[in-house]
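Asker: model this:
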Amino acid sequence: MGISVDSQEGGGGRCGGSCSCSWIGLRSLVRRKQVDSAHTNSRSHQLAKELSVPYLIAIGVGSTIGAGVYILVGTVAREHSGPALTISFLVAGIAAALSAFCYAELSSRCPSAGSAYHYSYICVGEGVAWLIGWALILEYTIGGAAVARGISPNLGFLFGGENNLPTFLSRQYIPGLDIMVDPCAAVLVIIVTGLLSVGIKESTLAQAIVTMANVCALLFVIIAGTYLGFKTGWVGYELPVGYFPFGVDGMLAGSATVFFAYIGFDAVASTAEEVKNPQRDLPLGIGAALSICCALYMLVSIVIVGLVPYHAMDPDTPISTAFAVHGMQWAAYVITIGAVTALCSTLMGSLLPQPRILMAMSRDGLLPAFFAEVNKRTQVPLKSTIATGIGAAVLSFFMDVSQLAGMVSVGTLLAFTMVAISVLILRYVPPDKVPLPSSHRDSFASHSLQFGKSIEDATRKDPEVMVGSSKDSTQPLLDQVDISVEIPLISKRLKLGNYILDFGNVSTLFRVLWFSFLSGGCGRMFHVTYLSTTADVMTEKKRRQIAGWTIMLTCIGAFLLTYSASSSGLPSSLRFTLCGVGGVFLLVGLSVLTCIDQDDARHNFGHTGSFICPFVPLLPIACILINVYLLINLGADTWLRVSVWLVIGVFVYAFYGRTHSSLRDAVYVPAAHADEIYRSSAAYVA
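Answerer: So this is what the prediction gives:
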C-alpha cells in the first residue's frame, strides 16, 4: 500500500525527526488528535446518551438568560443606546449567531465532550487546545462562583431584605480576615453539584423547570408591560432626541455590552457526547436556544424603554422601577423570582460543562486520570463534578468574585475565536494524518507495511510512479497488482487485452511496462489505473499551503485591525498604518479563501450528515473579527489576571500534560488509510 508512517515519540507533530524543534519538545504543541470514532471511543464507561432537542434547549436557554437581563436594559439604555436598545440586542444576537453556526457544525461533526477544547485539539494542535481548556476551567469556575454570590441578595428581597435571611445563610463579615463570607452561595453550589451528580437527564430536567419559571417571569414583564405601554402611550418613545440619541456608534457600543448576555449556548456543545442524535439535535438545540433568548431580550427591551424614558431608568433595578412608576409595586416580587430562577439556571449551566472539560482533558492524558472516571450507575463524570463543585463552593463562600467577572469573558471569547478558526481549517486544510496508538505499531507495521517497503523504494527512484496494494489485503501482492500512475500531462487511455493503461507520454508508458514486468512478469494480470497527474498533486499541495498561510494572515489582520481601532493611545501615524495593514490582510485573506477551492476531505471529516456552516469563509472571518475586537476591549486589568492563570497553565502543561499526553508515542498515518490499518491490525493480531 505504500503508507508513510510518522512516529511522534518525544512529542508528536508533522515535521520530520530531523526538525530542529523536536529536541526541545515544541513538536508536542502541534500534534493533533483524531475525531472520536468506533476505534478511538471504545472506553469502558460512556456518558449516558439521554438528551434530545427539548433538553438541549433547556440547557441553552437556562445557561444564557441570567439575571443580567434584569440589569443590562437599564445600564445600556442610559449610557449607550437609548430607545435603540432593541436594535443593540438584535445586532448582538446576530454576532452571537455567527459563533453558534460554527459551534453547530463542529459539535455535530465531532460529538464528544470537551466543546471548544476538543475542536481545537483536532484542528489546531495540542498547545492551543490546552490553553483553551485551561481558560475554560477558569471561566466556568469563576462564572459559577460569581452567579452564586449574586443569588443571596435577590433571595433576601423575598424575605423583606438581605438581613432577614436565616442566620446560617446570611452574609457575615469576618474582621480578622477582612472578608465577607456568603454561606447561601456555597450551599446553593453544593445543591446544584448534587443535582449534576444524579444524572444528566435528571439534572437537565431540574434546570428545565427552573428555566421555565424564569421564562414565565419574562413573559409576565412582556405582557403586563405591553398593557401598561398602550395604556400610558409609550412615553419612552416620545422623545425629542429621537430613536438614536447616542447615534449609531452608541447603539453599536451597546451591542458590544449586551453581547455577553448571549454567552451560554456553548454549554449545549459541551454535552455533545450525551445527545441521542447529535448530527440532528445539536444544531437544532443551539439554534433554537439562541433564537428564544434573542426574542425574549428584544421583547423585554421594547417594553421597558417604552414605559420609562431611557434617561430616567434605574440602572440597578430598571424593570422593577418601570412597573413601580405605573403603580405596580407588587410586580417587583414576580421580577425578583424571575431573577432568582435565572441565576439558579445559570449556575447549573456554569457548573455543567466544566466536569466534561476536565474529563476530556484527562482522557487525552493532559490531566490526571482521576478526572476521566465515569460513574457506572449515573454515567456522569462524578469525581470531576464533585471537584468542580468544591472549587466553586469555596470561591463563592470566601471571595467577592465580582472583580474577576471579566475573566469569564476571556475564556468564552477565546473559545469562540478558536471555534471559528477551526471551521476554516476544517474546510480548507483538514488534518490529512491521524494518530494511531503505539500499541498498534508492531502489528500494522509488519502486516500493512511489509508489502509496501520494496515498492516505496522503487517509487523513491521514480516519483511519478506510486504503487498501491491489492484491494484484497489478505492475498499476496503479486496475485494482482494495482499500479497507480501519476502522469504530468493530460491522461490518455489505452486498452491492450488485459492491460488498461492511462498515460500522458511514451516515456511514462515504457516505465509502467518495465515496472509491471519486474513485479510479476507477462503472465500476471495487472491493472494500471490513473490516480492523478503530478500537476494535480502539486496543485493540491500548493493549495493547502496557500490556504494555511492565508488563514494565519487573516487572523493576524483581524488582530491588527481591531487593536489599532481600539488603541486610541497609539500615535495616529502608527495607528492608521496598523489599521491599513490589518485591513489589507483581512480583505486579501477573505478574497483568497473565497477564490480557492475548499478541500474535498471536508466531506468525510468527522461524522457525516452533519450541519454545514453557511457562508464560509465570510461567516467565520466575521466571527473572528468580532470576538478579537471584544477580547482586546476587555481591559488591561482583566488580561493581567488571565495572564497569571495562563502562565500557571503553561507550567502545568510543560511538566505534566506534555509528557503524559496520549499522543506522546502515537504513530501518524494518512487519514484515508486509518480504518484499513485498524482492520489489518485486528486481522494480524487474530
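Asker: So residue 160 versus residue 624, what's the distance?
Answerer: 49 Å (C-beta to C-beta, to the nearest Å). Where you see a C-beta, it was placed from the backbone N, CA and C, and this is true even at glycine.
Asker: swap in residue 112?
Answerer: For residue 112 relative to residue 624 (C-beta to C-beta), the value is 24 Å.
Asker: Likewise for residue 111?
Answerer: Residue 111 is 24 Å from residue 624, by C-beta to C-beta.
Asker: who's more crowded, the two?
Answerer: residue 624 (30 against 25; other C-beta atoms under 10 Å).
Asker: In this structure, mark out all the strands, start to finish.
Answerer: Using DSSP state E, the strands of the chain run over residues 6-7, 172-174, 179-181, 433-436, 465-468, 481-485, 492-496, 499-503, 526-530, 667-670.
Asker: looking at those, which one has the lowest mean pLDDT?
Answerer: Ranked by mean pLDDT, the strands of the chain bottom out at strand 465-468, with a mean of 35.
Asker: Where does pLDDT dip in the stretch 301-450 of the chain?
Answerer: Scanning the stretch 301-450 of the chain for pLDDT under 70 picks out the ranges 402-403, 438-450.
Asker: repeat that with 50
Answerer: For the stretch 301-450 of the chain, the stretches flagged by pLDDT under 50 are 447, 449-450.
Asker: Next one: residue 389 relative to residue 104, how far apart?
Answerer: 29 Å.
Asker: And for residue 146?
Answerer: Residue 146 sits 28 Å away from residue 104 when distances are taken as C-beta to C-beta.
Asker: can you count the residues close to the closest residue to residue 55 other than its chain neighbours?
Answerer: Nearest non-adjacent residue to residue 55, counting by C-beta to C-beta, 6 or more residues apart in numbering: residue 204, 4.6 Å away. Residue neighbour count, defined by other C-beta under 10 Å, stands at 25 for residue 204.
Asker: Who are the contact partners of residue 204?
Answerer: Shown in contact with residue 204 (C-beta atoms under 8 Å, 6 or more residues apart in numbering): 50-51, 55, 58-59.
Asker: Who wins on neighbours among the residues you listed?
Answerer: Ranking the contacts of residue 204 using other C-beta under 10 Å puts residue 59 first, with 32 neighbours.
Asker: correct me, but that one touches residue 272?
Answerer: No - applying C-beta atoms under 8 Å as the test, residue 59 and residue 272 come out as separate, 11.4 Å apart.
Asker: Spell out the residue ranges of the helices in the stretch 151-300 of the chain.
Answerer: Ranges of helices within the stretch 151-300 of the chain are 151-158, 183-198, 200-232, 247-258, 266-270, 278-307, based on DSSP state H, counting those that start in this stretch.
Asker: Flag every buried residue along stretch 358-375.
Answerer: The neighbour-count check on stretch 358-375 (16 or more other C-beta atoms under 10 Å) flags 358-367, 371-372, 374-375 as buried.
Asker: burial count for the nearest residue to residue 354 once chain neighbours are set aside?
Answerer: Nearest non-adjacent residue to residue 354, counting by C-beta to C-beta, 6+ apart: residue 140, 3.8 Å away. Residue 140: 28 surrounding residues under other C-beta under 10 Å.
Asker: Compute the distance between residue 140 and residue 362, please.
Answerer: Counting by C-beta to C-beta, the gap from residue 140 to residue 362 is 16 Å.
Asker: same thing with residue 87?
Answerer: 44 Å.
Asker: With residue 166 instead?
Answerer: Plainly put, residue 166 is 39 Å away from residue 362 if you go by C-beta to C-beta.
Asker: do the same with residue 273
Answerer: With C-beta to C-beta as the criterion, residue 273 and residue 362 are 14 Å apart.
Asker: Equivalent analysis for residue 595, please.
Answerer: According to C-beta to C-beta, residue 595 and residue 362 sit 43 Å apart.
Asker: Ok, residue 48 next?
Answerer: 18 Å.
Asker: Ok, residue 159 next?
Answerer: When residue 159 is compared with residue 362 (using C-beta to C-beta), they lie 42 Å apart.
Asker: go on, residue 322?
Answerer: 48 Å.
Asker: Make TSV out of the helices of the stretch 151-300 of the chain and add distance to residue 640.
Answerer: Output for the helices of the stretch 151-300 of the chain, formatted as TSV (distance: least, C-beta to C-beta, whole Å):
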stretch	distance to residue 640
helix 151-158	28
helix 183-198	26
helix 200-232	34
helix 247-258	21
helix 266-270	25
helix 278-307	31
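Asker: Name the stretch among the ones you listed that sits most buried.
Answerer: Greatest average neighbour count among the helices of the stretch 151-300 of the chain goes to helix 266-270 (a mean of 30), per mean count of other C-beta atoms under 10 Å.
Asker: And it, what does it pack against?
Answerer: Judged by 3 or more C-beta pairs under 8 Å, 6 or more residues apart in numbering; DSSP states H and E, helix 266-270 is in contact with helix 53-64, helix 85-109, helix 278-307, helix 353-363, helix 406-428.
Asker: what angle separates the second one from helix 278-307?
Answerer: Put simply, helix 85-109 runs at 170 degrees to helix 278-307, going by axes from the mean of the first three to the mean of the last three C-alpha atoms, to 10 degrees.
Asker: repeat for the first one
Answerer: With the same axes, to 10 degrees defining the directions, helix 53-64 sits at 50 degrees from helix 278-307.
Asker: same question, the last one
Answerer: Interaxial angle of helix 406-428 relative to helix 278-307 (the same axes, to 10 degrees): 130 degrees.
Asker: what does the shortest one give?
Answerer: Computed by the same axes, to 10 degrees, the angle separating helix 353-363 from helix 278-307 equals 150 degrees.
Asker: ok now helix 353-363, how far from the chain's centre?
Answerer: Averaging C-alpha positions (C-alpha atoms, centre = their mean, to the nearest Å) puts helix 353-363 14 Å from its chain's average.
Asker: Could you list the low-pLDDT ranges of the protein?
Answerer: Confidence mapping of the chain against pLDDT under 50 gives the ranges 1-5, 7-24, 38, 41-42, 447, 449-533, 684.
Asker: and with 80 instead?
Answerer: Residues of the chain meeting the criterion pLDDT under 80: 1-28, 36-46, 156-165, 167-168, 176-178, 400-406, 434, 436-538, 608-609, 669-686.
Asker: residues contacting the residue most central in space within it?
Answerer: Taking C-alpha atoms, centre = their mean, the centroid of the chain lies closest to residue 116, which sits 2.6 Å from it. Counting by C-beta under 8 Å, 6+ apart, residue 116 touches 132, 136, 266, 269, 415-416, 418-419.
Asker: now swap in residue 32 and tell me
Answerer: Residue 32 makes contacts with 121-126, 431, 435, as judged by C-beta under 8 Å, 6+ apart.
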